[in-house]
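Engineer: just a sequence and a predicted model for now, questions to come.
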Amino acid sequence: MSHPKSDVLVVDNLDVIFALHEAEVRAVNDLSFRLSEGETLAVVGESGSGKSQAFLAIMGLLAKNGRATGKAVLGGVDLLSLSTAGLNQHRGKDIAMIFQDPMTSLNPALRIRSQLSEVLVRHRGFTPEAAFKEVIAMLERVGIPEAARRANAYPHELSGGMRQRVMIAMALLCRPRVLIADEPTTALDVTVQAQMLDLFKSLSTDFGTAMLLITHDLGVVAGVADRMMVMYAGRAVETGPVDDLFYDPRHPYTLGLLTSTPHIDKRQSRLTPITGAPPNLEHLPDGCAFGPRCAFRFDRCSLDRPPLGEFAPGRRKACFYPKPLIGEEDAA
Amino acid sequence: MIAFILKRLAVAIPTLLVLIVISFILMKVAPGNPFAGEKTVPKAVLDNIFARYGLDKPEWQQLLEYIYNVVFHFDFGPSFKYRDRTVNDIIAQGFPVTFTYGAWAFLFATVIGVSLGVAAALRQNGWIDHLAVGLSIGAQVVPNFVMAPVLVLVFTLWLRWLPGGGWDGGHWSNIVLPVIALATSYLASITRIMRSSMLEVLGSNYIRTARAKGLPGWQVVFRHALRPAMLPVVSYLGPVFVGMVTGSVVIDLYFSTGGIGQAFVNSALNRDYSTILGITILLGALTIAANLVVDVLYAWIDPKIKL
Amino acid sequence: MLTDRRIGNLAHPAPAPIEEASAPEKGRSLWMDAARRFRRNRAALVSLAMLILIVLFTFVGPLLARWDIETIDWTVVGSVLTKGMPSFETGHYFGTDEVGRDLYSRVIQGTQVSLTVGIVGSVIAVIVGTFYGAVAGYFGGRLDSVMMRFVDILYSIPYMFILILLLIIFGRSFIMLFVGIGLISWLGMARVVRGQTMALKNREFVEAAIAGGAKPLTVVFRHIVPNLLGVVAVYATLLIPEMILLESFISFLGLGVQEPNTSLGALISEGAQTMQYGTIWQLAFPLIFFVLLLFSFFFVGDGLRDALDPKDR
């Protein structure tokens, strides 16, 4: 990786496994990646790709029947090896998370101010009064007008956009080194989405926070991220700088995501959906998991699983197809 | 807050009046006169009695006077059966007894039920959870009138630990069995409601948020989860109160505590109409008041309800 | 995406979402689907079998009885504890009660009374409650608020006392018991049906019927009520044990049906008073029938609820 800055989060061989009635389902499979200081990495994939579960696992927030193995090292500490009490020293402080649904992610029975200031009291040893001051400042920073009044409100008294701003403020209060944003704009109106993305961009610059942006919306990726990682059926299938993946995708699934996304600035005659159904994690095919839906597949794809290998500096893919895909579509 | 209470009172007061009127009318249309059980009494004497009890006036006037006396003087009038006692006397004698063990039962069911429900939800599929689920299934079919004899059978007849009846001025040993008999099925219901509500809240997004903040477990549970999870339990407290008031009749009767329920059944069997009426109205008023308190409590816990 | 909630559900014994997600088989109706889910619920199946056995027993049992409900067996009077024990020789399979009457016949009659009260109360609730709730919910507005306020008022009255008042004033008879229970049993049903009706009335098929010129009451009873049957069935089943409890409560106080007729509540009450003399069977037999009956109804109702509305858990 040619990035000059050091890594803040290093994830190695992360597996997430859910115990179901009779079977075990592997939602995330052998996931490894690094996140550099101040960098924004977009994690892209459709539903069931394991992109959310991977990061819930790092935060220790898996459902009861889920478990994670592997390593997730943040500032020299492997988060996955910690007890809940140990993890509580770090989450909310060094690594924070913003969730998809701002409408249900705030406690309906507590005022905004107490939900925010408890983070500072817990991790920074602030007195409630000092915490309140800091909370007001942060609410103003994330663009909430009349912050002092809003701080006394209950969540149901705020709009969706306001609540997501509150969530962002909450996550940033302790200036975490890593911020995980799980589809932070999906539940919001399009106009609010744009505001949020601008906010993310400016905040990550100001605070030097590295960001993991989990999304299925490539428009969001293009606007904010430096690098992206495409996931399919629990595995990373392609990683690299955003521009490279957008203009020269090397995994057929990445290409599929791109051609199934509408672009305002490009006149497209038609959108091409990815054919076939999303994979069933309980019954993955032998060989490449994307094989059955792939237009480029050949014999080897159904026999061996392609490993995620570096094929150019800073770029990796998990595909046997040797050539660029753009311009070859018609040939396939 | 005041407006909210006033709005609720606007419902509660008519409800109480309806209760009084219905009971009064029922009493009036009852066949036979209240003294039917007496030996043949000369008509002149009977007329005297009628006049003494106000029975010679038109019925609407009796009703209005009755309501006036009840509302403004808290006076339920004389007993129809015991010449030397008023309904107020009978109530004053029985009510403290019923109130004592009733309050304990209410407290017992709520506190233990909530704690057990929370513990079960926190250790889902642990032994406390299995105990709680088993209890809540079992107690559905063990109402107070089944619980009472079974308790007496075990703790009085077999183990000889506790008295199977009597009151003895409210000695603790006389209170234990009535409290358990009255509370068990409600304790079980509260446990069940609390458990499922707590499980739902613990699985909610905002609890995930609280965990993501790195708050210690006890803070997540007590600061973030408990209050929202209490809502279904609070709205169930109204029915619990009604059920316990009703159940106290069985308890008073079975344990011979001398409580108000015993007076009720006795007057029902003796056709002491004014006592029945008085007790019904008193308990109805209490029920309505309890529902009012529950509503206010609910609104206090749930900020979404505008006061 | 394996969301938390779905995974959480899988840990639950309720029907697994994975199976539901499988492609629907051809032309399976809601009711067939429900029947399939019900058959997979072991507790509900066992309870249903138990219920059928109890009902059968109340019909077949009397044929085997050697004594009726009121004849006093003078050979046991005075020494019930020793001679009134359950025994095949004397023909008192469940023993006798304190005055020497056959408990077997009396328990059968008590069970019959409990079953009848439960079913009648539930049927009244279905008829009155469905009509009341559907009308209030469908027409809405002021009519709805007046109708439901009335239900609220009745609900907040300790109805047991009114019921007892009714029984002592108009005499303790079966008819009065049914009237009294019928007066209150429909309240909850009305609320449930009203809520469901309000949810249904804006659905396309109802709007289609209105657009087709159907009269309001026709819409309610031809188009809405049939779609409520699932909820009504569940609620009606769960009401039966409630009604049995209610009747037994009154009978326990000695304010229920008149002697020589009896009911499970009255028998439990008698047994509870005499158990101190050691005649424990007088409490045990009615109690066992009572508990089995309630258990069965609750589990069958629970099973129906899971089968008809698996999401509502």
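Structural biologist: Received, thanks.

Engineer: among the helices and strands of chain B, which one scores worst on average pLDDT?
Structural biologist: helix B:43-52 (a mean of 68; mean pLDDT, DSSP states H and E).

Engineer: mind listing what's buried along whichever helix or strand comes after it?
Structural biologist: Once the chain leaves helix B:43-52, the next helix or strand it forms, by DSSP states H and E, is helix B:59-73. Using 16 or more other Cβ atoms under 10 Å in any protein chain shown as the test for burial, helix B:59-73 gives B:62, B:63, B:66, B:67, B:70. For the C-beta atoms, the positions are set from N, CA and C on the backbone; glycine is no exception.

Engineer: what about the closest residue to residue C:144 other than its chain neighbours, distance to residue B:8?
Structural biologist: Spatially, and ignoring its direct neighbours in sequence, residue C:144 is nearest to residue C:136 (4.6 Å; Cβ to Cβ, 6 or more residues apart in numbering or on different chains). Applying Cβ to Cβ, to the nearest Å, the value for residue C:136 to residue B:8 is 22 Å.

Engineer: please apply the same query to residue B:171.
Structural biologist: Distance from residue B:171 to residue B:8, by Cβ to Cβ: 39 Å.

Engineer: so these two - more neighbours on which side?
Structural biologist: A count of neighbours by other Cβ atoms under 10 Å in any protein chain shown puts residue B:8 above the other of residue B:171 and residue B:8, at 17 against 11.

Engineer: per-residue pLDDT, that one?
Structural biologist: We have a pLDDT of 78 for residue B:8.

Engineer: what do you get for residue A:41?
Structural biologist: For residue A:41, the model assigns a pLDDT of 93.

Engineer: got a list of contacts for the host helix or strand of residue A:87?
Structural biologist: Assigned by DSSP H and E, residue A:87 belongs to helix A:84-88. Residues from elsewhere that reach helix A:84-88, judged by Cβ atoms under 8 Å, 6 or more residues apart in numbering or on different chains: A:60, A:79, B:214, B:215, B:216, B:217.

Engineer: and it, how far out from the chain middle?
Structural biologist: 22 Å (Cα atoms, centre = their mean, to the nearest Å).

Engineer: buried ones in that helix?
Structural biologist: A:87, A:88.

Engineer: swap in stretch A:116-136?
Structural biologist: Buried residues in stretch A:116-136 (16+ other Cβ under 10 Å): A:116-123, A:126, A:131-132, A:134-136.

Engineer: please name every helix or strand in contact with the helix or strand containing residue B:179.
Structural biologist: Residue B:179 belongs to helix B:172-202 when assigned by DSSP H and E. Using 3 or more Cβ pairs under 8 Å, 6 or more residues apart in numbering or on different chains; DSSP states H and E, the elements in contact with helix B:172-202 are helix B:87-122, helix B:127-140, helix B:144-151, helix B:226-255.

Engineer: can you show me the strands along chain A?
Structural biologist: A:7-19, A:24-36, A:40-44, A:66-74, A:77-78, A:95-98, A:178-182, A:210-215, A:227-232, A:235-241, A:309-312, A:315-317 (DSSP state E).

Engineer: looking at the stretch 51-200 of chain A, which residue is nearest chain B?
Structural biologist: residue A:92 (3.4 Å; Cβ to the nearest Cβ).

Engineer: count of neighbours near the residue nearest to that residue when sequence neighbours are not counted?
Structural biologist: Distances taken as Cβ to Cβ, 6+ apart place residue B:214 nearest to residue A:92, at 3.4 Å, with adjacent residues excluded. Using other Cβ under 10 Å, the number of residues around residue B:214 comes to 26.

Engineer: residues in contact with residue B:214?
Structural biologist: Residue B:214 sits in contact with A:87, A:88, A:89, A:90, A:91, A:92, A:93, A:119, A:122, A:123, where contact means Cβ under 8 Å, 6+ apart.

Engineer: in the residues you listed, find the pair that's most separated.
Structural biologist: In the contacts of residue B:214, two members sit farther apart than any others by Cβ to Cβ. They are A:87 and A:119, at 15.1 Å.

Engineer: still on that earlier bit, wasn't the residue nearest to residue C:144 part of a helix?
Structural biologist: Yes - read with DSSP: H, G, I helix; E, B strand; the rest coil, residue C:136 is one of the residues of a helix.

Engineer: shouldn't it be in contact with residue C:150?
Structural biologist: No - between residue C:136 and residue C:150 there is no contact under Cβ atoms under 8 Å: 9.5 Å.

Engineer: these two: who's more crowded?
Structural biologist: residue C:136 (24 against 15).

Engineer: pLDDT at that one, what is it?
Structural biologist: For residue C:136, the predicted pLDDT is 90.

Engineer: for the residue nearest to residue A:92, helix, strand, or coil?
Structural biologist: coil.

Engineer: how about it, phi and psi?
Structural biologist: phi 80, psi 20 (degrees, to the nearest 10).

Engineer: please report the distance of it from residue A:168.
Structural biologist: According to Cβ to Cβ, residue B:214 and residue A:168 sit 17 Å apart.

Engineer: ok, now residue C:68?
Structural biologist: From residue C:68 to residue A:168 the distance is 80 Å (Cβ to Cβ).

Engineer: likewise for residue B:68?
Structural biologist: Distance, residue B:68 to residue A:168, using Cβ to Cβ: 64 Å.

Engineer: what residues are up against the residue of the stretch 101-250 of chain B found nearest chain C?
Structural biologist: For the stretch 101-250 of chain B, the residue closest to chain C is residue B:149, as judged by Cβ to the nearest Cβ, at 3.3 Å. Each residue near residue B:149 by Cβ under 8 Å, 6+ apart is listed here: B:254, C:268, C:271, C:272, C:275, C:283.

Engineer: please convert these to a markdown table, extending it with pLDDT, secondary structure and neighbour count.
Structural biologist: Below are the contacts of residue B:149 laid out as a markdown table (pLDDT from 0 to 100; DSSP: H, G, I helix; E, B strand; the rest coil; neighbours: other Cβ atoms under 10 Å in any protein chain shown):
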| residue | pLDDT | secondary structure | neighbour count |
| --- | --- | --- | --- |
| B:254 | 87 | helix | 27 |
| C:268 | 89 | helix | 27 |
| C:271 | 85 | helix | 23 |
| C:272 | 83 | helix | 22 |
| C:275 | 81 | helix | 21 |
| C:283 | 87 | helix | 22 |
